[in-house]
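Engineer: this one's sequence-less:
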């Protein structure tokens with residue numbers, strides 16, 4: 001790349017420290033010779049959101065950088081600030097400024113994650129002075145071979161009272177907490193939406209794309225996983241247990257409430273199809289689409305989006321710019337990019353993850 005205004009911005013790996021184990025599959029994708037699970041199980045994509053990690057971590061951890069042809073590495077956030085309307089679109093900037101409002105990750109779990117819950121936007125604004133919560137979505141990409149019954153928890157299906165939940169958390173009665181959920185089976189291609197306020201935990205051995213509101217706000221009410229014990233300040237967003245309890249939605253939720261059923265948006269002349277995975281009928285926080293390309297398509301979208309390759313290979317063209325696409329390639333397509341042409345010889349499947357629609 002040259003200059004400072006790009007219709008398409010590819011991203012390199014941007015691994016982020018987390019308090020659970022995973023990342024072996026991400027290592028493999030990056031060509032690491034001795035791939036292993038560790039403390040970097042997530043890859044944050046097109047991120048202008050800093051990770052809420054311990055003080056000994058870099059304050060820039062989580063923020064995506066862009067490599068220019070000159071070799072210079074610049075923060076994506078700085079690049080966007082140079083021409084926000086081109087990158088994000090005028091209507092988005094009028095409402096949100098340079099805040100993309102979404103955070104996209106590859107997440108590779110080796111163990112079940114902590115039981116946790118995220119605030120709704122209304123709660124965050126009222127109690128934390130932040131204009132967004134953390135509603136999130138999952139697209140399941142693969143399951144490790146040794147995991148025979150992959151699952152997530154999302155609920156509660158059998159909610160405790162506030163007093164019961166407080167007691168369970170105080171004594172860390174994880175068996176009682178776990179018994180309040182049903183295991184929700186997952187398979188490759190499944191899509192889930194977890195609204196803010198709903199407690200949840202991702203099961204072991206799952207590689208997925210996670211799309212969420214652009215925050216790292218979380219109440220972790222299980223203190224130890226994988227040999228790591230959370231410090232007190234990392235459990236309730238720097239507050240106390242009573243504050244953390246106020247984040248929970250304690251109404252019973254059927255497991256079916258979290259599944260999303262994709263529907264066809266459009267069909268192209270070559271037989272390619274675009275499907276809506278998550279739309280404004282489910283949330284106003286973000287939009288998720290998938291496009292299955294048979295040979296070649298030309299299309300434009302309303303606003304910016306992050307594109308991820310889930311299967312196959314091909315070429316993306318915008319004007320004179322050409323970007324090779326391989327499995328797990330990732331890039332930002334600017335709102336001002338105009339028409340995008342995508343070509344493939346043997347088939348190509350993409351996720352397209354966009355900000356809020358209003």
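Structural biologist: Sure, I can see it. Computed from a prediction, not measured in an experiment: that's the story for all the values here.
Engineer: the residue nearest to residue 347 when sequence neighbours are not counted: how many residues sit nearby?
Structural biologist: Leaving aside its chain neighbours, residue 347 sits nearest to residue 312 (4.7 Å; criterion: Cβ to Cβ, 6 or more residues apart in numbering). All C-beta spots, glycine's among them, are computed from the backbone N, C-alpha and C. As a burial measure, residue 312 scores 17 neighbours (other Cβ atoms under 10 Å).
Engineer: ok, residue 312 - contacts?
Structural biologist: 293, 327, 344, 346-349 (Cβ atoms under 8 Å, 6 or more residues apart in numbering).
Engineer: repeat that for 10 Å
Structural biologist: 292-293, 325-327, 344-350 (Cβ atoms under 10 Å, 6 or more residues apart in numbering).
Engineer: repeat that for residue 332.
Structural biologist: Neighbours of residue 332 in contact, by Cβ under 10 Å, 6+ apart: 6-11, 45-46, 64, 66, 76, 79-80, 87-88, 100, 104, 304-307, 353.
Engineer: before we move on, back to that, if I look at the residue nearest to residue 347, what pLDDT would I see?
Structural biologist: On pLDDT, residue 312 comes in at 98.
Engineer: that older thread, closest to residue 248 among the contacts of residue 312?
Structural biologist: Set against residue 248, the nearest of the contacts of residue 312 by Cβ to Cβ is residue 350 (35.8 Å).
Engineer: skipping adjacent residues, who's closest to that closest one in space?
Structural biologist: residue 291 (4.8 Å).
Engineer: please report how far the one you found lies from residue 266.
Structural biologist: Relative to residue 266, residue 291 is positioned 9 Å away (Cβ to Cβ, to the nearest Å).
Engineer: more crowded one of the two?
Structural biologist: residue 291 (20 against 13).
Engineer: now the more buried one: which helix or strand?
Structural biologist: strand 287-293 (DSSP states H and E).
Engineer: what segments of the stretch 151-300 of the chain are strands?
Structural biologist: 151-154, 184-185, 191-194, 200-202, 206-213, 219-220, 224-225, 228-229, 263-267, 273-278, 287-293, 296-299 (DSSP state E, counting those that start in this stretch).
Engineer: going by residue numbers, what spans are helices in this structure?
Structural biologist: Under the criterion DSSP state H, the chain contains helices at 24-29, 76-82, 84-88, 90-96, 121-127, 162-171, 174-178, 241-245.
Engineer: counting by contacts, list what the last one packs against.
Structural biologist: Where contact means 3 or more Cβ pairs under 10 Å, 6 or more residues apart in numbering; DSSP states H and E, helix 241-245 is packed against helix 162-171, strand 219-220.
Engineer: now for the last one, which elements pack on it?
Structural biologist: Same thing as strand 219-220. Judged by 3+ Cβ pairs under 10 Å, 6+ apart, strand 219-220 is in contact with strand 116-117, helix 241-245.
Engineer: mind listing what's buried in the last one?
Structural biologist: Of the residues in helix 241-245, those scored as buried under the neighbour-count criterion (16 or more other Cβ atoms under 10 Å) are 241, 244-245.
Engineer: the residue nearest to residue 347 and residue 325, how far apart?
Structural biologist: Taken as Cβ to Cβ, the span from residue 312 to residue 325 is 8 Å.
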